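Chemist: sequence first, predicted coordinates after that:
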Amino acid sequence: IRLKYIPCVLKWPGTYIIFFAYFTTYTLYGNVSYFNPYLIDVIGINPNASSIYSVIRTYGAMLIAPVGGIMADKGFKSTSKWYIVAFSIIAAMFAVVFLFGPDSNQTLVCIYSVLPAIVVMALYSVTYSILRELHINPIVAGTCIGLGSCSGNIVDAMWGPLFGSFIDRYGNQGYTYIFAMLIGVCFLGIANAFWARSHDRKCREGKRVMRVG
């Protein structure tokens, strides 16, 4: 990483695509865990049972991570296309949560809570494979990734206090706002994926070239 390359990196759209790609996938990965208190507070299950499902969401879903690579490489042959599909599926899954309530079948809701985590892991695991569509000069790839990944610090600093304030202020209704925000993040991820596709097309057509030095 050399300081003289930073101006070039900051002018390149791919840097900001990485920024939003990591922001959106890391947000979902880091906050799907809100299903744990949701099951306890809203659905009313035993905290011990909720912990079991939390472990499944956190570690069991890791077994699905390779599926994300298969979908991006073999299925869609494009990470940005997989982004669009995966973010759309996750948004729909979070929207279904609005249909649940204290009277819902607890076992059904608990099992369902694992499904979004599975898709999130398959998405998060291929976050950086979007690089192949961003046409970043290898000389400055480290700088692009480093600057783009700074969005992770925003995720860590922003969502926890915000979501906590929702629960403190609105009680169980706060979970509705949390899932609504996560759906909004999914739409941001979809928009970013379309941006990546447009950028890739312009680069392939020779309309946009990264010049270093």
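Modeler: It's in. Keep in mind that this is a model prediction, so the values were computed, not measured.
Chemist: go through the helix or strand Gly189 falls within and flag the buried ones.
Modeler: In this assignment (DSSP states H and E), Gly189 forms part of helix 173-204. Neighbour counts over helix 173-204 (16 or more other Cβ atoms under 10 Å) mark 174-175, 177-179, 181-183, 185-186, 189-190, 192-193, 195-197, 199-200, 203 as buried. From N, CA and C alone the C-beta is placed, and that goes for glycine too.
Chemist: against which helices or strands is that helix packed?
Modeler: helix 13-31, helix 79-96, helix 151-170 (3 or more Cβ pairs under 8 Å, 6 or more residues apart in numbering; DSSP states H and E).
Chemist: looking at the ones you listed, which is closest to Ala61?
Modeler: For the helices and strands packed on helix 173-204, the distance to Ala61 is smallest for helix 13-31, at 9.6 Å, taking Cβ to Cβ.
Chemist: C-terminal to the closest one, what's the next element?
Modeler: With DSSP H and E, the next secondary element past helix 13-31 is helix 35-38.
Chemist: now the helices and strands packed on helix 173-204 as JSON lines including mean pLDDT, distance to Tyr38 and mean neighbour count?
Modeler: Converted to JSON lines, those look like this (pLDDT from 0 to 100; distance: least, Cβ to Cβ, whole Å; neighbours: other Cβ atoms under 10 Å):
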{"stretch": "helix 13-31", "mean pLDDT": "96", "distance to Tyr38": "11", "mean neighbour count": "23"}
{"stretch": "helix 79-96", "mean pLDDT": "97", "distance to Tyr38": "11", "mean neighbour count": "21"}
{"stretch": "helix 151-170", "mean pLDDT": "95", "distance to Tyr38": "10", "mean neighbour count": "14"}
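Chemist: and of these, who's closest to Gly142?
Modeler: helix 13-31 (11.7 Å).
Chemist: the residue positioned nearest the centre of the chain: what's it in contact with?
Modeler: The centroid of the chain falls nearest to Thr25 when counting by Cα atoms, centre = their mean (1.8 Å). Residues near Thr25 by Cβ atoms under 8 Å, 6 or more residues apart in numbering: 120, 123-124, 127, 189.
Chemist: brilliant, that's me finished.
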